[in-house]
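1. Sequence first, predicted model second:
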Protein chains: 2
Amino acid sequence: MNMSSANVSERAQQPPALAISTVIFALRPDSERTRPTLWLPLVRRTRQPFRDLWALPGGPLSATESLQDAAARNLQETTGLQPSYLEQLYAFGGLDRSPSQRVVSIVYWALVKPDEAALARETENVRWFRADRLDKLAFDHNLIVDYGLWRLRNKVEYGSIAYDLLGDRFTLAQVREVYEAVLGRTLDPANFRRHLRATPDIEATDEYLQGVRHRPPRLYRYTGAAAQRNNGPLSQSG
Amino acid sequence: MNMSSANVSERAQQPPALAISTVIFALRPDSERTRPTLWLPLVRRTRQPFRDLWALPGGPLSATESLQDAAARNLQETTGLQPSYLEQLYAFGGLDRSPSQRVVSIVYWALVKPDEAALARETENVRWFRADRLDKLAFDHNLIVDYGLWRLRNKVEYGSIAYDLLGDRFTLAQVREVYEAVLGRTLDPANFRRHLRATPDIEATDEYLQGVRHRPPRLYRYTGAAAQRNNGPLSQSG
DNA sequence: GCAAAAGTGTTCTCCCTACACCCATGA
DNA sequence: TCATGGGTGTAGGGAGAACACTTTTGC
């Protein structure tokens, strides 16, 4: 810590390091609440700086893969997760993000379906946290998560992102719960239902959810093409 | 060109280079049309690769400045422009963006006001082009410009971006012309006017535009805080 | 039967659109 | 006085909010 002034002149010489990180959101049942809430996996830092603090999964950019591929790979390596949605979030390049070296992080955000999230390995150094109950993370990662939540909220309001947080069969109430968890407010069930029925790409099946202590709700499928929902620049050059 | 295979193995060794580029939009009167249209300044490449093709202004990231500062600086250096709006567009990191070296470009987009744009120096190697009439640019810069146009369209529909393309006094019809130029379609003058009058932050002055061959329109000012309209992550760490 | 959530119907309001119409100026 | 765009009024349609109501299950 007392070498900071030495670092400043030192850092001016070397080029900034380039890293890829990922904010991963999944819907998980909360033991305290009856509704599912948003969670994200974090990794514990085993080295300085910020040793023992929790941080977003990430790593350096390999020279032979695209940014998106790099994000998907280190997400796979650290958490074992395969995302159903993956998009660039933002490039963070402030001077004081890391105390030791200047680091420019290109951050992606991902959504994973519940069955995938259940398979995710949790170890001593990888754990899930509620997105709205994070304490101090390493680097500027609190800021990054908050921005990811902001983007998620914006996308869910006008887009078909919600189905990337659900399995292939779901009730309309489950879709509403996704919206409520993301937006942080309740929605009128009747109007929300009508809204969904009016949109295309949501197809009723002849199956019903069993084992509930009330009238069994019908199950639906999402038929929109997942690959075409990524509205960054075309997949090339990303 | 015949050294491409040698480059591939060579490139796998060295880390990707990091560069900053900027897409700059301004409203300019078009000699052919009566309405102003969107233009952007480009620089002619004087070196390989893509020598003599036009490209976005840009350069390497200096080690001691933030990403946003770097974008503002090279925009100032190459075109002499000071933007009224500057925001990160996207990070482009595809493997084949540059034939020689792997380059990751963090691209910003900017809006400049007409008086600023008029001051911009045009030289042999810096020239303005109509945004909707670009021929083949260097690298993947056509893709980047198209994505910038897409973002501009999205922001103008729900946001107060239009005033960054106008001077400090403007008629409501001029605002409408900005929308029409950006969105590429005409809008109902009556309804658009009502819409603007209903929004806050647009204040009527007691001045009128003179020298028109019809009823002189009233001039308005925008009173919204320009600095608070940047809704990326907070200005730190950007 | 009762609770609880699924699912339907209805009304009200607000916003957007289209379009008719007057106003003020230069030529 | 005529052409042109500034500026106002107004009627119709569509989407969303609020909420009453019926249906179907488990207990």
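-> That came in fine, so what should we check first? Numbering: from 1, shown residues only, chains lettered A, B, ... in the order given.
2. Give the next helix or strand downstream of the lowest-mean-pLDDT helix or strand in chain A.
-> Here the helix or strand of chain A ranked lowest by mean pLDDT, DSSP states H and E is helix A:4-13, holding a mean of 51. The element immediately downstream of helix A:4-13 (helix or strand, assigned by DSSP states H and E) is strand A:17-29.
3. what angle do the lengthiest helix in chain A and strand A:17-29 make?
-> Longest helix of chain A, by residue count under DSSP state H: helix A:141-157. Angle of helix A:141-157 versus strand A:17-29, following axes from the mean of the first three to the mean of the last three Cα atoms, to 10 degrees, is 60 degrees.
4. how much space between the closest residue to residue A:99 other than its chain neighbours and chain B?
-> Ranked by Cβ to Cβ, 6 or more residues apart in numbering or on different chains and with sequence neighbours excluded, the top spatial neighbour of residue A:99 is residue A:49, at 5.1 Å. For every residue, glycine as well, the C-beta is placed using N, CA and C. Plainly put, residue A:49 is 15 Å away from chain B if you go by Cβ to the nearest Cβ, to the nearest Å.
5. same deal with residue A:93?
-> 4 Å.
6. For the longest helix of chain A, what does the pLDDT average out to?
-> Averaging pLDDT along helix A:141-157 yields 96.
7. same deal with stretch A:63-71?
-> On average, stretch A:63-71 scores 94.
8. Need the three-state assignment for residue A:74.
-> helix (DSSP: H, G, I helix; E, B strand; the rest coil).
9. okay, it: pLDDT?
-> Predicted confidence (pLDDT) for residue A:74: 88.
10. right, and it touches residue A:61 too?
-> No: between residue A:74 and residue A:61 there is no contact under Cβ atoms under 8 Å: 9.5 Å.
11. quick one: low-confidence parts of chain A?
-> Residues of chain A meeting the criterion pLDDT under 70: A:1-13, A:31-33, A:226-232, A:234-238.
12. what does it put close to DNA strand D?
-> A:188, A:190, A:191, A:195, A:198, A:212, A:213, A:214, A:215, A:216 (Cβ under 7 Å from any atom of the strand).
13. ok, 10 Å please
-> A:158, A:186-195, A:198-199, A:208, A:210-216 (Cβ under 10 Å from any atom of the strand).
14. just the buried members of those residues?
-> Neighbour-count burial (16 or more other Cβ atoms under 10 Å in any protein chain shown) is assigned, among the residues of chain A next to DNA strand D, to residue A:192.
15. Mind checking which of the residues of chain A next to DNA strand D land in strands?
-> Taking DSSP state E, the ones among those that sit in strands are residue A:208.
16. Helices - which of the residues of chain A next to DNA strand D land there?
-> Among the residues of chain A next to DNA strand D, DSSP H puts A:189, A:190, A:191, A:192, A:193, A:194, A:195, A:198 in helices.
17. Check whether residue A:78 really touches residue A:57, as I assumed.
-> Yes: contact status for residue A:78 versus residue A:57: in contact at 4.1 Å, counting by Cβ under 8 Å.
18. Tell me the spacing between residue A:82 and residue A:61.
-> Separation of residue A:82 from residue A:61 (Cβ to Cβ, to the nearest Å) stands at 20 Å.
19. between the two, who's got more neighbours?
-> With neighbours defined as other Cβ atoms under 10 Å in any protein chain shown, residue A:82 and residue A:61 compare such that residue A:61 has more, 26 against 15.
20. Compute the number of surrounding residues for residue A:98.
-> 19.
21. Confirm for me that it is in contact with residue A:139.
-> Yes: the criterion here is Cβ under 8 Å, and residue A:98 meets it with residue A:139 at 6.2 Å.
22. which residues do these two both contact?
-> Counting by Cβ atoms under 8 Å, 6 or more residues apart in numbering or on different chains, the shared contacts of residue A:98 and residue A:139 are residue A:49.
23. and residue A:110, what are its phi and psi?
-> For residue A:110, the backbone dihedrals are phi -140, psi 150 (criterion: degrees, to the nearest 10).
24. what about stretch A:60-74, start to end distance?
-> Its start and end residues considered, stretch A:60-74 measures 9 Å (Cα to Cα, to the nearest Å).
25. Quick one: name the residues of chain A near DNA strand C.
-> Residues of chain A found near DNA strand C (Cβ under 10 Å from any atom of the strand) are A:34, A:171-174, A:176-177, A:188-194, A:197, A:204, A:208-209, A:212-220.
26. how about residue A:219, secondary structure?
-> strand.
27. Now do the same contact list for it.
-> By Cβ under 8 Å, 6+ apart, the contact set of residue A:219 is A:169, A:170, A:171, A:205, A:207, A:208, A:209.
28. so the second one makes contact with residue A:220?
-> I take that to be residue A:170. Yes: if you go by Cβ under 8 Å, residue A:170 and residue A:220 touch, sitting 6.1 Å apart.
29. re the thing from before, for the residue nearest to residue A:99, give me its contacts.
-> By Cβ under 8 Å, 6+ apart, the contact list for residue A:49 reads A:98, A:99, A:100, A:138, A:139.
30. Could you list the domains of chain A?
-> Domains of chain A are assigned by automatic domain parsing as A:4-157, A:161-227.
31. can you put those domains in TSV and add distance to residue A:233?
-> Below are the domains of chain A laid out as TSV (distance: least, Cβ to Cβ, whole Å):
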stretch	distance to residue A:233
domain A:4-157	9
domain A:161-227	15
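32. and of the ones you listed, who's closest to residue B:181?
-> Ranking the domains of chain A by proximity to residue B:181 (Cβ to Cβ) places domain A:4-157 first, at 25.5 Å.
33. Show me which of the contacts of residue A:219 is closest to chain B.
-> Set against chain B, the nearest of the contacts of residue A:219 by Cβ to the nearest Cβ is residue A:170 (29.0 Å).
34. tell me the contacts of the closest one?
-> Contacts of residue A:170 by Cβ under 8 Å, 6+ apart are A:163, A:219, A:220, A:221, A:222.
35. List just the nearest of those to residue B:131.
-> Using Cβ to Cβ, those come closest to residue B:131 at residue A:163, 35.0 Å.
36. Quick check: the closest one touching residue A:224?
-> Yes: under the criterion of Cβ under 8 Å, residue A:163 makes contact with residue A:224 at 7.4 Å.
37. The residue lying closest to residue A:82 once chain neighbours are set aside in helix, strand or coil?
-> Among residues not flanking residue A:82 along the chain, residue A:116 sits closest, at 6.1 Å (Cβ to Cβ, 6+ apart). Of the three states, residue A:116 takes helix under three-state DSSP.
38. mind listing what's buried in stretch A:121-138?
-> Of the residues in stretch A:121-138, those buried (16+ other Cβ under 10 Å) are A:126, A:128, A:129, A:131, A:137, A:138.
39. Contact partners for the third one?
-> Contacts for residue A:129 (Cβ under 8 Å, 6+ apart) come out as A:39, A:40, A:41, A:42, A:54.
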